[in-house]
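Enquirer: here is a sequence together with a model predicted from it:
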Amino acid sequence: MSAVILAADDIQVAQNIGFGIIAAIMVIGALKVVTSKNVVHAALSLVLVLSGAAAQYILLGAEFVAVSQILVYVGAVMVLFLFGVMLTRAKLGKETDLDQPKAWLGVPVALLMLGVLAWVLIDGFQDERLPADATSKAAVEISDSVLGPALVPFLALTFVLVAAVIGGIVLARKD
Amino acid sequence: MIAVDLPYWAQSLLRVLGGTVAVLLPAGTIVYLFLFKMMSFMQSRLGPMEAGPYGSMQLFAEVGKWLQKEDIQPENADKRVFKIAPLVVLVSTFLLVAVVPFGPDAYFTDFEAGIFYALAVSSVSVLGILIAGWSSANKYSLLGGLRAAGQLIAYELPMVLAVIGVVIQAGTMNLNQIVAAQNAGSMFGWDGLGNPYVLTQFVGFVVFMIAIQAELTQAPFDMPIAESELVSGYMTEYSGFRFLIFFIAEFATVGVFTLIASVLFLGGWGVPFAWFGWESLGDVDNWMNVVGPLVMITKMLALSGIVMWVRFSYPRLREDQLQRFAWKVLIPVSVVNIMVTAILKVAF
């Protein structure tokens, strides 16, 4: 069945195979994040997942988003994450107390997220398709839409981030 | 424009070969010219003299020595991560060189958001350094890795902010367009020198050079590998060809960063377009694809000479001095630079 889909005329075989391989790596990485017995290994698997997302963006022709993904998640968030982990607890080898007895609660949350995201994507794009010769959008267009039609959600997001930063400072301050 | 049409595999092969040369050649040149010779002369000694004329083959001897050494891993090390770490650092260097243009058509990719991409992949090397320090199972290594991460995060910010001034002035993030914008420009109507941004963005240039000095962990910013405190920081447990990979990555990154600095501030591969009556990127003659890389290498050697000169001249900064300098001096200065550039850009 899947071979038939891959061989259809308007399907790009190489891109689909690439997508499949990267998606498989991402899924395995994501499973490793939650099953790994070592905090640093889990974090490194997360790096794999996030880089895989960047690679998928490139396959979709969204180079700017892909680069932002690398810059923000791999270059900054994960480095800070590892930095924090290594400063506090980062034993080499296996750790025993990493499992949470309530870990099963994550399963319904994950399924809910999957449902919501799938619904948003399917509802938002219907059966629209990326043209085969799609070129990446120029950064100018993206900035124009961020500072134009999408200005209000953009500002709302910045407010959320500022609130998070202030919350972090309040929690970290002892006096 | 070049009229040869190569098949895809030949293009890919050429790119891989070109990338390897563009990473290894600057690294070797910088090590021999500056690390071996300039440092020796500054310390009133001759440096390597035996292997080849003026010791110019010394590098091959060193590489041979490292390659034949035993591949030692500490007993308690996290073996897999320990092996991957140097490769992550080296891969980040190779990814970095992919967007550097060496001529009107002599580039690996003509990436729309080129400089943004360069800043993004350069931050990946921190990851390699961190896991190298952690997986070595050595307190000195871990401390070195943590110091490196703290320093690289702190100095990445002024580097990005310094670049924004150039991007505002050029109106593009494509490195080839930035080169063209500088060489096609003019200063008050005089176009004999083009308009290299080192003049208009001098503050940005100084901030960028200081930031890359820190990003490259060259003295006075060599806290992460401070040999009098931490043996050799995150590289302590590495020997043989894994150390060689770290060593190559360090000096290749010096080369690539100074190449990027020369593109951003010194006009890159170009000569002022007015000299030959070119108007824009499309008019540039084909021979620039050969001369361009030479122009680039010259500018790169000048800039990396400055980096190395500073490295050999100044003592190491303390951790608190280093952090204070980044957050309280460099970042405010570069933010002011961005605001002034933006105001002038709108005003003119």
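Expert: Thanks, I have it.
Enquirer: for the residue in the stretch 101-250 of chain B that chain A sits nearest to, the count of nearby residues, please.
Expert: Chain A sits closest to B:Ser123 of the stretch 101-250 of chain B, with a gap of 3.0 Å, by CB to the nearest CB. Where C-beta positions appear, they are placed from N, C-alpha and C, glycine not excepted. Per other CB atoms under 10 Å in any protein chain shown, the neighbour tally for B:Ser123 reads 23.
Enquirer: ditto for A:Leu46
Expert: A:Leu46 sits with 22 neighbouring residues when counted by other CB under 10 Å.
Enquirer: my guess is it meets A:Leu31, correct?
Expert: No - look at A:Leu46 against A:Leu31 with CB atoms under 8 Å: they stay out of range, at 11.5 Å.
Enquirer: list the helices and strands the helix or strand where B:Thr20 lies packs on?
Expert: When elements are assigned from DSSP states H and E, B:Thr20 belongs to helix B:8-30. Packing contacts for helix B:8-30, counted by 3 or more CB pairs under 8 Å, 6 or more residues apart in numbering or on different chains; DSSP states H and E, involve helix B:79-97, helix B:240-265, helix B:288-313.
Enquirer: grab the most central residue of chain A for me.
Expert: A:Leu50 (5.0 Å; CA atoms, centre = their mean).
Enquirer: A:Val74 is in contact with that one, correct?
Expert: Yes - distance between A:Leu50 and A:Val74: 5.7 Å, which falls inside the contact criterion (CB under 8 Å).
Enquirer: low-confidence ranges, the chain, go.
Expert: By default, I'm working from chain A. Within chain A, the stretches with pLDDT under 70 are A:1-12, A:90, A:93, A:130-137, A:175.
Enquirer: nope, chain B please
Expert: Within chain B, the stretches falling below the threshold (pLDDT under 70) are B:1-4.
Enquirer: longest helix of it?
Expert: Looking across chain B with DSSP state H, the single longest helix is helix B:139-170.
Enquirer: thinking again about what came up before, the residue of the stretch 101-250 of chain B closest to chain A against A:Val74, yeah?
Expert: Yes - distance between B:Ser123 and A:Val74: 7.4 Å, which falls inside the contact criterion (CB under 8 Å).
Enquirer: if we can go back for a sec, what distance do you get for the residue nearest to the centre of chain A to chain B?
Expert: With the distance defined as CB to the nearest CB, to the nearest Å, A:Leu50 ends up 11 Å from chain B.
Enquirer: about what we covered before: and for the very next helix or strand once past the longest helix of chain B, what's in contact with it?
Expert: Scanning the chain past helix B:139-170 towards its C-terminal end, the next helix or strand to appear is helix B:175-184 (assignment: DSSP H and E). Outside of helix B:175-184, the residues within contact range by CB atoms under 8 Å, 6 or more residues apart in numbering or on different chains are B:99-101, B:104, B:107, B:110-111, B:114-115, B:118, B:166-167, B:169-172, B:194-197, B:260, B:263-264, B:267-273, B:278-281.
Enquirer: would you put the C-alpha positions of helix B:175-184 in CSV?
Expert: This file holds the C-alpha atoms of helix B:175-184, laid out as CSV (Å, rounded to 0.1, in the frame of the first residue of the first chain):
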residue,chain,number,x,y,z
LEU,B,175,26.4,36.9,2.8
ASN,B,176,27.0,37.3,-0.9
GLN,B,177,24.6,40.3,-1.0
ILE,B,178,26.4,41.8,2.0
VAL,B,179,29.7,41.6,0.0
ALA,B,180,28.0,43.2,-3.0
ALA,B,181,26.5,45.9,-0.9
GLN,B,182,29.8,46.9,0.5
ASN,B,183,31.8,46.9,-2.8
ALA,B,184,29.1,48.6,-4.9
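Enquirer: looking at chain A, which residue is nearest chain B?
Expert: The minimum distance from chain A to chain B, using CB to the nearest CB, falls at A:Gly75 (3.0 Å).
Enquirer: which residue packs closest to that residue, ignoring adjacent ones?
Expert: The shortest distance from A:Gly75 to any residue that is not its chain neighbour, by CB to CB, 6 or more residues apart in numbering or on different chains, is 3.0 Å, and that residue is B:Ser123.
Enquirer: need the contact list for the one you found.
Expert: Residues in contact with B:Ser123, defined by CB under 8 Å, 6+ apart, are A:Ile70, A:Leu71, A:Val74, A:Gly75, A:Ala76, A:Val79, B:Leu152, B:Glu156.
Enquirer: in helices, which of these appear?
Expert: In this view, the contacts of B:Ser123 that belong to helices under DSSP H are A:Val79, B:Leu152, B:Glu156.
Enquirer: grab the nearest non-local neighbour of the first one.
Expert: In this case it means A:Val79. What sits nearest to A:Val79 in space, not counting adjacent residues and going by CB to CB, 6+ apart, is B:Val126, at 5.0 Å.
Enquirer: picking that back up, for the longest helix of chain B, buried residues please.
Expert: Of the residues in helix B:139-170, those buried by neighbour count under the rule 16 or more other CB atoms under 10 Å in any protein chain shown are B:140-170.
Enquirer: check contacts around the residue of chain A closest to chain B.
Expert: With CB under 8 Å, 6+ apart, A:Gly75 has these contacts: B:Ala120, B:Ser123, B:Val124, B:Val126, B:Leu127, B:Glu156.
Enquirer: show me what the helix or strand where the first one lies is packed up against.
Expert: Applying DSSP H and E as the criterion places B:Ala120 in helix B:114-122. Applying 3+ CB pairs under 8 Å, 6+ apart, one finds that helix B:114-122 contacts helix A:63-69, helix B:79-97, helix B:139-170, helix B:175-184, helix B:240-265.
Enquirer: tilt between that helix and helix B:79-97?
Expert: Going by axes from the mean of the first three to the mean of the last three CA atoms, to 10 degrees, helix B:114-122 is angled at 170 degrees with respect to helix B:79-97.
Enquirer: show me where chain A has helices.
Expert: Along chain A, the segments classed as helices by DSSP H run A:2-7, A:13-35, A:39-59, A:63-69, A:78-88, A:106-125, A:139-146, A:151-172.
Enquirer: need the winner for burial among these.
Expert: Among those, the stretch with the highest mean neighbour count (mean count of other CB atoms under 10 Å in any protein chain shown) is helix A:63-69, at a mean of 21.
Enquirer: now residue 49, nearest residue through space, not along the chain?
Expert: By default, I'm working from chain A. Nearest to A:Val49 is A:Gly29, by CB to CB, 6+ apart, at 4.3 Å.
Enquirer: the intended chain is chain B.
Expert: Per CB to CB, 6+ apart, closest to B:Met49 is B:Gly55, 4.8 Å.
Enquirer: what's around the one you found, how many residues?
Expert: Under the neighbour criterion other CB under 10 Å, B:Gly55 is assigned a count of 18.
Enquirer: name the helices or strands packed onto the next helix or strand after the helix holding B:Thr20?
Expert: Of the helices and strands lying after helix B:8-30 in sequence (DSSP H and E), the nearest is helix B:39-42. Using 3+ CB pairs under 8 Å, 6+ apart as the contact criterion, the elements in contact with helix B:39-42 are helix B:288-313.
Enquirer: now the angle from the helix it packs on to helix B:8-30?
Expert: 30 degrees.
Enquirer: may I see the buried residues of helix B:288-313?
Expert: Judged by neighbour count (16+ other CB under 10 Å), helix B:288-313 contains these buried residues: B:288-289, B:292-293, B:295-297, B:299-301, B:303-304, B:307-308, B:310-312.
Enquirer: before we move on, what about stretch B:187-196?
Expert: With burial defined by 16+ other CB under 10 Å, the residues of stretch B:187-196 counted as buried are B:Asp191, B:Leu193, B:Gly194, B:Asn195, B:Pro196.
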